[in-house]
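Participant: Let me see the structure of the following:
(chains A, B, C and D)
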Number of protein chains: 2
Amino acid sequence: MELLKQNVAKHISLLPDEMERFCGPFILKEVKKKQFLLKAGEVCRFEAFVNKGCFKIFYLDTKGVEHILYFAVEDWWIGDIDSFTTQTPAQLYIEALEDSEIFFISKKDKEELYNNLPKVEKLFRIMGQKTCVALQRRMLSNLSKTADERYIEFITGYPKIAQRLTNLQIAAYLGISHEFLSKIRKKIAGK
Amino acid sequence: MELLKQNVAKHISLLPDEMERFCGPFILKEVKKKQFLLKAGEVCRFEAFVNKGCFKIFYLDTKGVEHILYFAVEDWWIGDIDSFTTQTPAQLYIEALEDSEIFFISKKDKEELYNNLPKVEKLFRIMGQKTCVALQRRMLSNLSKTADERYIEFITGYPKIAQRLTNLQIAAYLGISHEFLSKIRKKIAGK
DNA sequence: CGTCTATTTGAATGTACTCAAAAGCGGTGG
DNA sequence: CCACCGCTTTTGAGTACATTCAAATAGACG
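Facilitator: Residues are numbered from 1 along each chain as shown, chains lettered A, B, ... in the order given. Next up, the predicted model:
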């Protein structure tokens, strides 16, 4: 539970008692590689904090092509914010890329936290802001940069995550075919 | 002030007294067409609610090409959430596309609102979630769809906004050249 | 009416994709 | 320990999508 507590403490300060009440409803779960936490069509009734391992959050388009919205490793949060807040069927899949551990909280328990612990509003307000900032930066990067630049940006910006991924997954994140990524890598290597 | 009050009421319920305290720090400002609310390099020290008119929030890349992150018309909020929350120089520009009216609030006043009116945390938590959902949907759309599909999605999804924009601006939003947008329009018209 | 901006069009080019095939790599069972 | 299987990565040829540049046309506004 330490990692989760540290994560919360980065955003707000809680008294020891409050921290315990915050952590109470979280349940530790093991998730094996290739196991899904969410599939498109289901309603997302949870959020989770990654304690160990790695996940991909992705979308399958009408042609069956996979597009990765983001990767989540230790110290990140996962969930489909769209399905979770609107309680409509998800468009996204969440799948473990490694044997992983998460702290899981149900929508119901999270709502009780909002009511019982007002500081939690602030916590998730701040986390929402950070998510917006990250999405906004990625949006601008996708609009203004070539695939080469985005690839370099990704592997230098997140070297530790990149190491754990296959090029297939990195390509699905960058929005390019894996064959083309291979050619980009060749070009870069030749310098 | 009515439109702002209605906007807030969509997300949280405030007592009449609370609503007045909420509205207190907002200042009505007129913004003329082509006037900037923010330029890259400045630190964003405000947020604003659009009461009338239309704005574009955009990024100029290293080659001077404009990429529009979003348009804001009546009933939308504007600001550079990145620069605002981190208080670092903005990468974005915010410019009025029409003669407009906004309700302006400074960072300082907004922070006081958070302290004096706890429900405001919830309000902006919810608004942040909605912004994330919108950005996430756009991200997936950009990753998985062709320019043709994104154009049709935009003009059918936001017909009233699209009418108010030039094709130059729509192209900068879709992430394509305006010449290519012209060719897409021709192709679609011929059906 | 003249100027400025927006839109269209065409030709040449570049960026990225598809398809097919081969090569590499890691794990598993015999 | 080796052979095989499945998955990842690379490579090449042909194609599709989108850009650039240049020029012509159309609209909007003072």
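Participant: What's the local residue count around residue A:101?
Facilitator: Burial of residue A:101 is recorded as 18 neighbouring residues (other C-beta atoms under 10 Å in any protein chain shown). In short, each C-beta sits where N, CA and C put it, glycine included.
Participant: Strands of chain A, start to end?
Facilitator: A:27-31, A:36-38, A:46-52, A:54-60, A:66-73, A:77-78, A:92-96, A:100-106 (DSSP state E).
Participant: what about the closest residue to residue A:174 other than its chain neighbours, how many residues close to it?
Facilitator: Sequence neighbours aside, residue A:150 is the residue nearest to residue A:174 in space, at 5.2 Å (criterion: C-beta to C-beta, 6 or more residues apart in numbering or on different chains). By other C-beta under 10 Å, 20 other residues sit near residue A:150.
Participant: cool, and residue A:157?
Facilitator: Residue A:157 has 11 neighbours, counted by other C-beta under 10 Å.
Participant: got the buried residues for stretch A:163-171?
Facilitator: A:165, A:167, A:169, A:170, A:171 (16 or more other C-beta atoms under 10 Å in any protein chain shown).
Participant: quick one: the last one from residue B:26, how far?
Facilitator: Okay, so that is residue A:171. To residue B:26, residue A:171 is 46 Å away according to C-beta to C-beta, to the nearest Å.
Participant: residues touching the residue nearest the centre of chain A, list them.
Facilitator: In chain A, the residue lying closest to the centroid (C-alpha atoms, centre = their mean) is residue A:72, at 3.8 Å. Listed by C-beta atoms under 8 Å, 6 or more residues apart in numbering or on different chains, the contact set of residue A:72 reads A:50, A:54, A:55, A:56, A:57, A:78.
Participant: if you look at the longest helix anywhere in chain A, does any of it touch chain B?
Facilitator: The residue-count maximum for a helix in chain A (DSSP state H) belongs to helix A:119-144. Yes. On the criterion C-beta under 8 Å from any C-beta of the partner chain, helix A:119-144 is in touch with chain B at A:121-122, A:124-125, A:128-133, A:135-140, A:142-144.
Participant: and that helix, what's its mean pLDDT?
Facilitator: Per-residue pLDDT values over helix A:119-144 give a mean of 95.
Participant: helices and strands around it, which ones?
Facilitator: Counting contacts by 3 or more C-beta pairs under 8 Å, 6 or more residues apart in numbering or on different chains; DSSP states H and E, helix A:119-144 packs against helix A:107-116, helix A:147-157, strand B:54-60, strand B:66-73, helix B:81-86, helix B:119-144.
Participant: Save the ones you listed as CSV, and put in distance to residue B:98 too.
Facilitator: Converted to CSV, the helices and strands packed on helix A:119-144 look like this (distance: least, C-beta to C-beta, whole Å):
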stretch, distance to residue B:98
helix A:107-116, 39
helix A:147-157, 34
strand B:54-60, 5
strand B:66-73, 9
helix B:81-86, 23
helix B:119-144, 22
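Participant: Near chain B, which residues of chain A are found?
Facilitator: Going by C-beta under 8 Å from any C-beta, the residues of chain A near chain B are A:59, A:61, A:65, A:67, A:69, A:81-82, A:85-86, A:91, A:114, A:118, A:121-122, A:124-125, A:128-133, A:135-140, A:142-145, A:175.
Participant: ok, of those, which come out buried?
Facilitator: If we count by 16+ other C-beta under 10 Å, the residues of chain A next to chain B have these buried: A:59, A:67, A:69, A:81-82, A:85, A:91, A:121-122, A:124-125, A:128-133, A:135-136, A:138-140, A:142-145, A:175.
Participant: re the thing from before, just the closest of the contacts of residue A:72 to DNA strand D, please.
Facilitator: Distance to DNA strand D, by C-beta to the nearest atom of the strand, is smallest for residue A:56 among the contacts of residue A:72, at 11.2 Å.
Participant: ok, now which ones touch that closest one?
Facilitator: A:68, A:70, A:71, A:72, A:94, A:95, A:97, A:169.
Participant: Give me the pLDDT for it.
Facilitator: 96.
Participant: What separation is there between it and residue B:110?
Facilitator: 36 Å.
Participant: next one: residue A:165
Facilitator: Residue A:165 sits 39 Å away from residue B:110, going by C-beta to C-beta.
Participant: and what of residue A:73?
Facilitator: Here residue A:73 is placed at a distance of 33 Å from residue B:110 (C-beta to C-beta).
Participant: Quick check: pLDDT value at residue A:191.
Facilitator: Predicted confidence (pLDDT) for residue A:191: 65.
Participant: Any stretches of chain A with poor pLDDT?
Facilitator: A:191 (pLDDT under 70).
Participant: Close to DNA strand D: what parts of it are there?
Facilitator: Residues of chain A lying near DNA strand D by C-beta under 7 Å from any atom of the strand: A:166, A:167, A:168, A:178, A:179, A:181, A:182, A:183, A:185, A:186.
Participant: Among these, which one sits closest to residue A:19?
Facilitator: residue A:166 (37.8 Å; C-beta to C-beta).
Participant: Tell me the residue of chain A that sits nearest chain B?
Facilitator: Residue nearest to chain B within chain A: residue A:128 (3.3 Å; C-beta to the nearest C-beta).
Participant: Can you tell me the closest non-neighbouring residue to that residue?
Facilitator: Leaving aside its chain neighbours, residue A:128 sits nearest to residue B:128 (3.3 Å; criterion: C-beta to C-beta, 6+ apart).
Participant: Next, the contact list for that neighbour, please.
Facilitator: With C-beta under 8 Å, 6+ apart, residue B:128 has these contacts: A:125, A:128, A:129, A:131, A:132.
Participant: Which member of these is positioned nearest DNA strand D?
Facilitator: residue A:132 (25.3 Å).
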